[in-house]
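1. build me a structure from this.
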Amino acid sequence: MVKDTSGNNGQNEKQFSRRDFLKTTGVAAGGIAGGALLGGLTGFQFGSDQQSETAETDTGGDTASGGEGGADAPEFAARTFISRQEDFAALAAATERIYPEDDNGPGAIELGVPYFIDRQLYGTWGTNGTDYRMGPFEPMASDTHGRQEKLTRGEMFILGIRRLREYAVEEHDEEFVKLDGDTQDEVLKAFESGDVEIPGMRAEAFFSLLRNTTIEGVYADPVYGGNKNMEGWKMIQYPGPRMGWMDKITSEEFVELEPESLRAYQGGGM
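-> Take a look at the predicted model:
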């Protein structure tokens, strides 16, 4: 289910924070925590003023030019997989609804999650390069056997994002990025419940992939392109990977450490 936190400013909805959600349900559970609107977020200017990319291919477009992220864009702020700006804007808006900015800290966009997803789709994970790919493929009978689609993760994202945009126009006569937060949640809920038809895969399979990858982008090590400035870790007081805990493990008090990324160990044999 989608939880709306907009419009009540600290009322009952705010009592169920993003951190509470993650503690009680785990990152693999279904549902999305609704929240802040896309507009007004620092460093990412998605919306009606964005122009279409000239690239016609579905993947691997020419995206190294500047102007996408601004001064606050994550380190890996050049798209490598999603070639169309409109698709990337819709992806960004969807991730922000799944992991919104709130009183606990920044949302998915400010944390660089859209770029994290794009980067993952460009690599082996996006092409299912290490998965068994010989079938049988039975996407409508996968309730107990995980994802059964023939499509790669990259293909699922491209088809899913474009179907998301199409569905928004069909149902609300407006692009997904231009809808208000509550209406964006309605669209996402339709995918989550499987009420939308997508050729070659189940809508709920796309939503699950989108949601899980969004959460991964929030909490993955920044070397992978998300979790900008380790803000995701700071929100949950996770110190990051450490070489050892011998000097801390016997402490009777809670030890709070500033998080460290894998970058801290570059050149040190890791």
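2. next, the residue nearest to Tyr99 when sequence neighbours are not counted: secondary structure please.
-> Closest residue to Tyr99 apart from its sequence neighbours, by CB to CB, 6 or more residues apart in numbering: Ala108 at 4.2 Å. (C-beta placed from N, C-alpha, C; glycine too.) For Ala108, the secondary structure call by DSSP: H, G, I helix; E, B strand; the rest coil comes out as coil.
3. now do Ala108, the pLDDT please.
-> Looking at Ala108, its pLDDT stands at 95.
4. please apply the same query to Ala190.
-> For Ala190, the predicted pLDDT is 97.
5. show me the strands in the stretch 151-270 of the chain, by range?
-> 197-198, 201-202 (DSSP state E, counting those that start in this stretch).
6. what's the first one packed up against?
-> Strand 197-198 makes packing contacts with helix 153-172 when contacts are defined by 3 or more CB pairs under 8 Å, 6 or more residues apart in numbering; DSSP states H and E.
7. now do the buried residues in the helix it packs on.
-> 153-165, 167-168, 172 (16 or more other CB atoms under 10 Å).
8. contacts for it, please.
-> Under the contact criterion CB atoms under 8 Å, 6 or more residues apart in numbering, helix 153-172 has outside partners 58-59, 81-82, 86-87, 90-91, 94, 117, 121-122, 125-128, 149, 151, 174-176, 179, 183-184, 187, 190-191, 196, 198-201, 203, 205-207, 209-210.
9. what does stretch 215-231 give?
-> Against stretch 215-231 from outside (CB under 8 Å, 6+ apart): 22, 27, 74-76, 95, 98-99, 105-106, 108, 110-117, 119-120, 232-233, 236, 238, 240-241, 259, 261-263.
10. and it, C-alpha only, in PDB?
-> The C-alpha trace of stretch 215-231 is given here as PDB (Å, rounded to 0.1, in the frame of the first residue of the first chain):
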ATOM      1  CA  ILE A 215      16.300   1.100  -1.500                       C
ATOM      2  CA  GLU A 216      19.600  -0.400  -2.600                       C
ATOM      3  CA  GLY A 217      20.600   3.000  -4.100                       C
ATOM      4  CA  VAL A 218      19.900   4.700  -0.800                       C
ATOM      5  CA  TYR A 219      22.000   2.300   1.300                       C
ATOM      6  CA  ALA A 220      24.600   0.900  -1.000                       C
ATOM      7  CA  ASP A 221      28.200   2.100  -0.600                       C
ATOM      8  CA  PRO A 222      28.700   5.500  -2.400                       C
ATOM      9  CA  VAL A 223      31.300   3.900  -4.700                       C
ATOM     10  CA  TYR A 224      28.300   2.400  -6.600                       C
ATOM     11  CA  GLY A 225      26.800   5.800  -7.400                       C
ATOM     12  CA  GLY A 226      24.100   6.300  -4.800                       C
ATOM     13  CA  ASN A 227      24.000   7.200  -1.000                       C
ATOM     14  CA  LYS A 228      25.500  10.600  -1.700                       C
ATOM     15  CA  ASN A 229      27.800  11.800   1.100                       C
ATOM     16  CA  MET A 230      26.800   8.600   3.000                       C
ATOM     17  CA  GLU A 231      23.600  10.400   4.000                       C
END
